[in-house]
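Participant: Turn this into a model:
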Amino acid sequence: MIKPAHIEWSDETPISAAFDDVYFSKASGIDETRYVFLQQNHLAERWQTLFSHTTVGSSPHFTIAETGFGTGLNFLCAWQLWQQIRSQCTPSQQAASQASPSPWLHFVSVEKFPLMKESLAQALAHWPELAEQSEKLLAAYPPLVDGWHTLTFAEDNLVLHLFLGDIKHWLPNIRGQVDAWFLDGFAPSKNPEMWDATLFDNMARLTANNGTAATFTSAGLVKRGLKGAGFSIKKVKGFGHKREMLTAQFNASCGPRKPAWLNHTPWFNPSPVINSSKPNTGNKPISAIVIGGGIAGCASAYALAKRGVKVTLLEQNTDIALGGSGNPQGVLYAKLSADMNAHSQFYLAGYLHSLRLLNELMPDKQHWRDCGVLQLAFNEKEAKRQQQFNARHGLDEVVHFVDAEQASAIAGTAIEQSGLFFPKGGWVSPRHWCQRLTQHDNIKVLCAQHVTALTQLEETVGETPRWQVRSLQNDQAQTFDADMVVIANAHMSRQLQAVNFLPTKALPGQVTKAQLGDAKATETSISLNTVLCGASYVAPSHDQQLVFGATYRLKSEDESIQDSDNQINLENLNKDFPSVGQQLSSAPALTGRAATRCTVPDYTPVAGAVLNPEHFNPAYADLKNSKNWTFDQPAHFLSGLYLNCGHGSRGLSSAPLCAELITAQALGEPWPLPAELADVLSPSRFLVKALTP
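Facilitator: Now for the predicted structure:
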């Protein structure tokens, strides 16, 4: 549970009551930040070089890692400088950037005691010269929920990866390569727990060759820690009255680094960029094929396209989002366990990410509504679970407990049960969201493409092997080549040989639509203000329709629309939400829509790089003897091949974040999830499970 910072104020300067230290210099915090972190890490010069050396065949980015987000002042100053360097790009560089990906800045930061939004606004008001950046940060500032928060400012090619929690949990879970460190946080004498071996060991693991670090302190334990991690250090004049500070450059002076894969789970370490001697501007994919035009495929295409990758999306139907992503209204919320296990942590992160993305891409809310979601306690067991959840987790900004009376007031209709209320949740038209995601100059959508084969072409010397996809369109054979492929065609994915080890299953089902405003139902809307979820669900009426359901055909693969399923959905509506069902006529006009969901046995999405099963099984046969066997060789991944599938009925809350994970792995960016959650999603888990006792 996150505890917000306890702030005291002295002449408009915020002071941490817990650490008895200021967040920034009383004299001139902004000048101190620019001197200590921006100037001493030589960011202006390095970014000018980054922009001037962007070429076709690269996907450049620069990563800053910061130990202590505080008021966000360091982030905002870096953001402002990044904007200035981008604006200074020459016309020839701007023309080149249209033919090659434009650089991105990733800012990775941690905060154990985050400021409440009101305190943050008060602190940042002190710096009117940062008003533009402050306003955008405050608008995107996440709820104070434990874990990773990925905030994208696409207009500036900027991503803030903000982790709320303990630095000792955060650092080992970072995957990516760091170019510069802002060693901030409170002074070592006041916050010694931060400045320990965990910090310096992970700096050695994560820092790029010739990466830099800067810190306001010159304490002996910091000097010794940096030297022990392989940095050469230098004392320079401190800011203002401070006599000296430290700068450092990583040169692996303590010897070669331990490879990322040299642990007991090499199958969860796909990125060759981590601990690589190649700079971040090395060969990266500049073209991609995405197979599947549902929410997983469209989100994957968008995540890649906005980084400058040219994407060809292949869909077997006559248009995108005609399968499981074609329902008129899908529910956006997160079903969370009482103990907030890894599964729940992922879905909470995915839910918050999807909300941010919807607000960014569809701000008019014409095809989605953040009307709230009530997850009702439909039996005593569920009521007990919800009460336990509410008692254990302080997530009131995201979800909170309501009794039946409060639920009725929120819903605008009589509710008989207590429940958990997600005030920012709601319903989404998946098809309209898919259409918006693919409205990008770097995405080409080709429909009626029946993919028949996927082949990795022979490797060219010095280059990563490309992929070829063969398909049929109107019985005409076609081929497409690209640097990478994302398989996102749900349960159809296992038909491709490279991923035929997937235990995916097709699960058909049907939603029901009651037409309003016709001869049998004179009302054109239903009194319901929010989505209701229980054993079934119903969304507020839209376009003179009431959508509810849904059935699951556990022992059938039949995708036809069935009147019996409509009757089942109507019976469940009247049983679960009687006050809504009573507003329909006694014999409403019902239509249905049937579609197939893709599920896997552990009910967790499949997202990430794909292992070569032909190599894995003989190389790791010793897993049959012990799942804790230690291996001394890297796992063989099929370079450039990724999966995004298995989302079941929760793809709205999971697929977009999985798309960001895949993109980060492909481009060598910082991952948008902690490694421990990415491992839970990895396709590798099925190969490991098949071998472990």
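Participant: all contacts plus neighbour counts: C-alpha atoms, from now on.
Facilitator: Will do.
Participant: quick one: the helices in the stretch 501-650 of the chain?
Facilitator: Taking DSSP state H, counting those that start in this stretch, the helices of the stretch 501-650 of the chain run over residues 563-576, 578-581, 613-619.
Participant: For residue 107, find the nearest of those helices.
Facilitator: Closest to residue 107 of the helices of the stretch 501-650 of the chain, according to CA to CA: helix 613-619, at 34.9 Å.
Participant: Name the residues of the closest one that come out as buried.
Facilitator: 613, 616 (16 or more other CA atoms under 10 Å).
Participant: So what touches that helix?
Facilitator: Residues from elsewhere that reach helix 613-619, judged by CA atoms under 8 Å, 6 or more residues apart in numbering: 498, 501, 635, 636, 687, 691.
Participant: The same query, at a cut-off of 7 Å, please.
Facilitator: 635, 636 (CA atoms under 7 Å, 6 or more residues apart in numbering).
Participant: related to what we said a few turns ago, and residue 83, which of the helices of the stretch 501-650 of the chain is closest to it?
Facilitator: Closest among the helices of the stretch 501-650 of the chain, using CA to CA: helix 613-619, at 44.8 Å.
Participant: Could you dump the helices of the stretch 501-650 of the chain into CSV and include mean pLDDT and distance to residue 555?
Facilitator: Below are these laid out as CSV (pLDDT from 0 to 100; distance: least, CA to CA, whole Å):
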stretch, mean pLDDT, distance to residue 555
helix 563-576, 95, 14
helix 578-581, 95, 28
helix 613-619, 88, 29
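Participant: Pipe the ones you listed into a markdown table and attach distance to residue 38 per row.
Facilitator: A markdown table is the format used below for the helices of the stretch 501-650 of the chain (distance: least, CA to CA, whole Å):
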| stretch | distance to residue 38 |
| --- | --- |
| helix 563-576 | 58 |
| helix 578-581 | 58 |
| helix 613-619 | 45 |
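Participant: can you tell me how far residue 548 sits from residue 427?
Facilitator: The gap separating residue 548 from residue 427 is 12 Å, by CA to CA, to the nearest Å.
Participant: Now list whatever residues contact both of the two.
Facilitator: residue 539.
Participant: Neighbour count for the two, which is higher?
Facilitator: residue 548 (28 against 24; other CA atoms under 10 Å).
Participant: any idea how far residue 576 is from the residue lying closest to the more buried one once chain neighbours are set aside?
Facilitator: Distance criterion CA to CA, 6 or more residues apart in numbering; nearest residue to residue 548, sequence neighbours excluded, is residue 538 at 4.3 Å. Relative to residue 576, residue 538 is positioned 10 Å away (CA to CA).
Participant: and if you look at residue 304?
Facilitator: Residue 304 is 41 Å from residue 576, by CA to CA.
Participant: which of the two has more neighbours?
Facilitator: A count of neighbours by other CA under 10 Å puts residue 304 above the other of residue 304 and residue 576, at 26 against 23.
Participant: Report the spatially nearest residue to the more buried one, omitting neighbours in sequence.
Facilitator: Nearest to residue 304 is residue 663, by CA to CA, 6+ apart, at 5.9 Å.
Participant: Just give me the neighbour total for the one you found.
Facilitator: 26.
Participant: In terms of helices and strands, where is it?
Facilitator: Per DSSP states H and E, residue 663 falls inside helix 651-667.
Participant: elements contacting that helix?
Facilitator: helix 295-305, helix 342-361, strand 606-611, strand 637-645 (3 or more CA pairs under 7 Å, 6 or more residues apart in numbering; DSSP states H and E).
Participant: same thing but at 6 Å, please
Facilitator: With contacts taken as 3 or more CA pairs under 6 Å, 6 or more residues apart in numbering; DSSP states H and E, helix 651-667 sits against helix 295-305, helix 342-361.
Participant: among the helices and strands of this structure, which has the poorest mean pLDDT?
Facilitator: When each helix and strand of the chain is scored by mean pLDDT, DSSP states H and E, helix 91-99 comes last, with a mean of 46.
Participant: next structured bit after that helix?
Facilitator: Taking DSSP H and E, what comes next after helix 91-99 is strand 104-111.
Participant: Just the C-alphas of that next one, formatted as CSV.
Facilitator: Provided in CSV are the C-alpha atoms of strand 104-111 (Å, rounded to 0.1, in the frame of the first residue of the first chain):
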residue,chain,number,x,y,z
TRP,A,104,12.5,9.0,-28.1
LEU,A,105,13.3,9.9,-24.5
HIS,A,106,12.5,7.4,-21.8
PHE,A,107,12.6,8.7,-18.2
VAL,A,108,12.5,6.0,-15.6
SER,A,109,11.9,7.1,-12.0
VAL,A,110,10.9,5.7,-8.6
GLU,A,111,9.1,7.2,-5.7
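Participant: Tell me which residues of the very next helix or strand once past it come out buried.
Facilitator: Moving toward the C-terminus from strand 104-111, the next helix or strand (DSSP H and E) is helix 117-124. Using 16+ other CA under 10 Å as the test for burial, helix 117-124 gives 117, 119, 120, 121, 123, 124.
Participant: ditto for stretch 316-332
Facilitator: In stretch 316-332, counting by 16+ other CA under 10 Å, buried: 316-317, 319-332.
Participant: Max pairwise distance over these: which two?
Facilitator: 316 and 332 (26.0 Å).
Participant: returning to that earlier point: for the buried residues of stretch 316-332, point out the one with the lowest pLDDT.
Facilitator: Ranked by pLDDT, these bottom out at residue 324 (88).
Participant: How much space separates residue 300 from residue 658?
Facilitator: Distance from residue 300 to residue 658, by CA to CA: 8 Å.
Participant: Same list, the helices and strands packed on helix 651-667, but as JSON lines with distance to residue 600 and mean pLDDT please.
Facilitator: Putting the helices and strands packed on helix 651-667 into JSON lines (distance: least, CA to CA, whole Å; pLDDT from 0 to 100) gives the following:
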{"stretch": "helix 295-305", "distance to residue 600": "15", "mean pLDDT": "97"}
{"stretch": "helix 342-361", "distance to residue 600": "14", "mean pLDDT": "96"}
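Participant: do you know which of these lies nearest residue 367?
Facilitator: helix 342-361 (10.0 Å).
Participant: Tell me how many other residues crowd residue 201.
Facilitator: Other residues close to residue 201 by other CA under 10 Å number 17.
Participant: For the nearest residue to residue 120 once chain neighbours are set aside, which three-state class applies?
Facilitator: In space, and not counting its chain neighbours, residue 120 is closest to residue 71: 5.9 Å by CA to CA, 6+ apart. Look at residue 71: counting by DSSP: H, G, I helix; E, B strand; the rest coil, its state is coil.
Participant: how many neighbours does residue 71 have?
Facilitator: With other CA under 10 Å as criterion, residue 71 counts 22.
Participant: What are the phi and psi values at it?
Facilitator: phi -90, psi 0 (degrees, to the nearest 10).
Participant: how about residue 83, secondary structure?
Facilitator: Going by three-state DSSP: residue 83 is helix.
Participant: and it, how many neighbours?
Facilitator: Residues near residue 83, counting by other CA under 10 Å: 15.
Participant: Tell me which residues touch it, please.
Facilitator: Applying CA atoms under 6 Å, 6 or more residues apart in numbering, we find residue 83 in contact with no residue.
Participant: List just the nearest of the buried residues of helix 117-124 to residue 565.
Facilitator: Closest to residue 565, out of all of the buried residues of helix 117-124 and judged by CA to CA, is residue 117, at 47.0 Å.
Participant: Please determine how far that closest one is located from residue 78.
Facilitator: From residue 117 to residue 78 the distance is 20 Å (CA to CA).
Participant: what about stretch 110-130, how long is it end to end?
Facilitator: 21 Å.
Participant: How about residues contacting that stretch?
Facilitator: Counting by CA under 6 Å, 6+ apart, 3, 4, 5, 67, 68, 69, 71, 162, 163, 164, 165, 166 sit against stretch 110-130.
Participant: Now, of the residues you listed, which are buried?
Facilitator: Buried among the contacts of stretch 110-130 by 16+ other CA under 10 Å: 3, 5, 67, 68, 69, 71, 162, 163, 164, 165, 166.
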